[in-house]
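Undergrad: Sharing a sequence plus its predicted fold:
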Amino acid sequence: MGQVQEAPEIKGTVKVTIQADKLTGGFVAPRALGMNSSLGDSHLVDPLMPQILQSSGVTTLRYPGGRYSDSYHWSTYKPTKSQGSDPQYAANNDFGHFVALLDQFGTAVLTVNYGSNLDGSGGGTPQEAAAWVAYAMGDPANNLAIGKDASGHDWQTVSYWASLRAAQPLPTDDGLNFLRIGHPNPVLIKYWEVGNEVYQNGYYGGQGNELDLHAPYPKDPKDNEKERRKNPNLSPAAYGNALLEYVKAMKAVDPRIKVGASLDVPLSGDWNSSEWIQDPITGKTSQAGFSVEAVGKGAAHKDFDAGIDWDKGVLAVAGKNIDFAALHWYTGDTTEASHWQSLDNTKTLMEPEEGWPKILAALSDLIQKNCGPNAANMQVLVTELGIKSYIKIPEAIVPALFTADAYTSLLAQSPNIDWNEMRNKSGFLDDDNKPGPIYFALQMVRQAASPNDRVVATTSSNSLLSVHAFARGDGKVGIMLINKDPKNNATVKITVSGANLAAAGTRFDFGKNNAATQYMVPGVAATGLGSSFTVTVPSYTITDLVIPKQ
């Protein structure tokens, strides 16, 4: 999307152009509209969840969800505990029940366990991941042996796991009935990422937020920095070499799958684990992991380039053999007026147009330099997207505006984008399955475009009015307009070339003063449209126009 000028507010008419016959190369991938699910979510497999997710527009769930991934063992539904961690699973969120959910509404991106093996004596194993591929995608007639892992556990054959999936539960449960789901057909899972935020395993110092038993933990977490920082078994090269083994083992079971790496945002000083803390003596606020003294003196954190270093090291080893990079993109500039506690609305809303292109450019450069001929095939999945969790959000609609803009901006480059959290603070659903602003933001994306619809070229004369447009498979043109001005309505003059549009269509509005009804943003008849027309978009509002050709 193009902008001609920066503007602190919208004054006068905003000019928007849409070239309906100029495809940008982007399209709405079938798995694009994603959401993170969680093993701890006691409502994940509620009877109404398939219908609720379908209504939101979501087609894909990421499973098992964030930090659960590196302690989760799919074949036992039991976690590895380490340094006092005790992950709590809801009763019916095992993979068997999860498959039943998927069958009713969509598909998934799976994060395999890199952090721990089955008995908790070491790091994750390629054999455990390969057995999961076998269970999900395998043919009961395939006798390929998966083999023993480094601890000696025998992961049987593809046939063993595929037959278990196809079988009916036994009258007397032997402990595996949760995997006997009477599902003879494969569960088609295309994308498999290896580990969750592996770069936070302690290699760059500090506590280390992500479980990784490729190096042992000291008895006292206070010794993590001393014993794990720069430990070669936790390094990007070690992860890269392990990735090669995961790819080999998993694709031996099914070569159709895509296997990807956990990469960090490759920008200086943009480490996802950084949280704001207050120094109890000076009262100064800085980011955790960045020393307060250094920040006060304008100096850099000791691992200021950790993200770049991690990505470069992983890609140098495994870049020629993996299919995608899995990024987590959390935004959340804060305001000085709030003492850096509350969201800076304007900066946050500009991130899809200003922040994401910098991330993508930096990652693309690393891919080009390290992945050889495979660079042309590499995809980028954003498997967590959100507002940083510790930031106060004064305007609940702002994350929704960001979400609609971010998803539609990312569609051109990413086959999967997953909002970071389904419940509570996320604004998607609460514990009673009541939808929040994020739910309706995703629904607005889906109202504008369906899977496989093509992105077309657009421009806006004002940076506070975003525009995205789609050549739809049903022959209509879908237009999304996002007014990021908190006070001013936008008068928008729209000129469409490359298509002769009808004078009447359907309009959807969701914003600060345009509420949804229960689970739906209602569509209303819109007139006075065509290939050149003017509409008003209220402040802090997402407006969709769906217009048939004349």
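TA: It's in.
Undergrad: And the helices in this structure, which stretches?
TA: For the chain, the helices defined by DSSP state H cover 49-56, 95-105, 126-137, 158-166, 224-228, 236-253, 292-296, 306-318, 345-370, 397-410, 437-448.
Undergrad: so which of these gets nearest residue 376?
TA: helix 345-370 (9.4 Å; C-beta to C-beta). Where C-beta positions appear, they are placed from N, C-alpha and C, glycine not excepted.
Undergrad: buried residues in that closest one?
TA: In terms of neighbour count (16 or more other C-beta atoms under 10 Å), helix 345-370 has its buried residues at 345-346, 348-353, 355-356, 359-360, 362-364, 366-367, 370.
Undergrad: follow-up on the earlier one: which of the helices of the chain has the lowest mean pLDDT?
TA: Of all the helices of the chain, the minimum mean pLDDT falls on helix 292-296 (a mean of 32).
Undergrad: Of all the helices of the chain, which one comes closest to residue 460?
TA: Among the helices of the chain, helix 345-370 sits nearest to residue 460 (C-beta to C-beta), with 9.7 Å.
Undergrad: Could you dump the helices of the chain into a markdown table and include distance to residue 485?
TA: Converted to a markdown table, those look like this (distance: least, C-beta to C-beta, whole Å):
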| stretch | distance to residue 485 |
| --- | --- |
| helix 49-56 | 26 |
| helix 95-105 | 36 |
| helix 126-137 | 47 |
| helix 158-166 | 52 |
| helix 224-228 | 46 |
| helix 236-253 | 43 |
| helix 292-296 | 33 |
| helix 306-318 | 33 |
| helix 345-370 | 9 |
| helix 397-410 | 10 |
| helix 437-448 | 17 |
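Undergrad: pLDDT weak spots in this structure?
TA: Where the chain drops to pLDDT under 70, the residues are 1-7, 84, 270-303.
Undergrad: quick one, longest strand in it?
TA: The longest strand of the chain (DSSP state E) is strand 13-27.
Undergrad: Just list the residues touching residue 62, thanks.
TA: 34-37, 108-111, 383-384, 418 (C-beta atoms under 8 Å, 6 or more residues apart in numbering).
Undergrad: can you rerun that using 10 Å?
TA: Contacts for residue 62 were tallied using C-beta atoms under 10 Å, 6 or more residues apart in numbering; they are 34-38, 69, 108-111, 191, 193, 196, 326, 381, 383-384, 416, 418-420, 422.
Undergrad: Distance check, it against residue 245.
TA: 23 Å (C-beta to C-beta, to the nearest Å).
Undergrad: From what I see, residue 508 and residue 404 are in contact.
TA: No: using C-beta atoms under 10 Å, residue 508 is not in contact with residue 404; the gap is 11.2 Å.
Undergrad: quick revisit: mind listing what's buried along the longest strand of the chain?
TA: Buried, per 16+ other C-beta under 10 Å, within strand 13-27: 14, 16-20, 26-27.
Undergrad: can you check stretch 319-328 too?
TA: 319, 321-328.
Undergrad: Then stretch 114-129?
TA: Across stretch 114-129, burial judged by 16+ other C-beta under 10 Å covers 114-118, 120, 122-129.
Undergrad: neighbour-wise, which of residue 508 and residue 404 wins?
TA: The residue with more neighbours, out of residue 508 and residue 404, is residue 404; 27 against 23, by other C-beta atoms under 10 Å.
Undergrad: Which residue, neighbours along the chain excluded, lies closest to the more buried one?
TA: Nearest non-adjacent residue to residue 404, counting by C-beta to C-beta, 6 or more residues apart in numbering: residue 441, 4.3 Å away.
Undergrad: And the strands in the stretch 401-550 of the chain, which stretches?
TA: Ranges of strands within the stretch 401-550 of the chain are 417-419, 454-460, 465-471, 477-483, 490-497, 505-511, 523-526, 532-537, 541-547, based on DSSP state E, counting those that start in this stretch.
Undergrad: quick one: the fourth one to chain centroid distance?
TA: Taking C-alpha atoms, centre = their mean, to the nearest Å, the mean C-alpha location of strand 477-483 is offset from the chain mean by 23 Å.
Undergrad: Next: the fifth one.
TA: Taking the mean C-alpha point of strand 490-497 and that of its whole chain, the gap between them comes to 32 Å (C-alpha atoms, centre = their mean).
Undergrad: Pull out the buried positions in it.
TA: Buried-residue list, strand 490-497, by 16+ other C-beta under 10 Å: 490, 492, 494, 496.
Undergrad: on that earlier part again, surely the residue nearest to residue 404 is in contact with residue 35?
TA: No: using C-beta under 10 Å, residue 441 makes no contact with residue 35, being 11.9 Å away.
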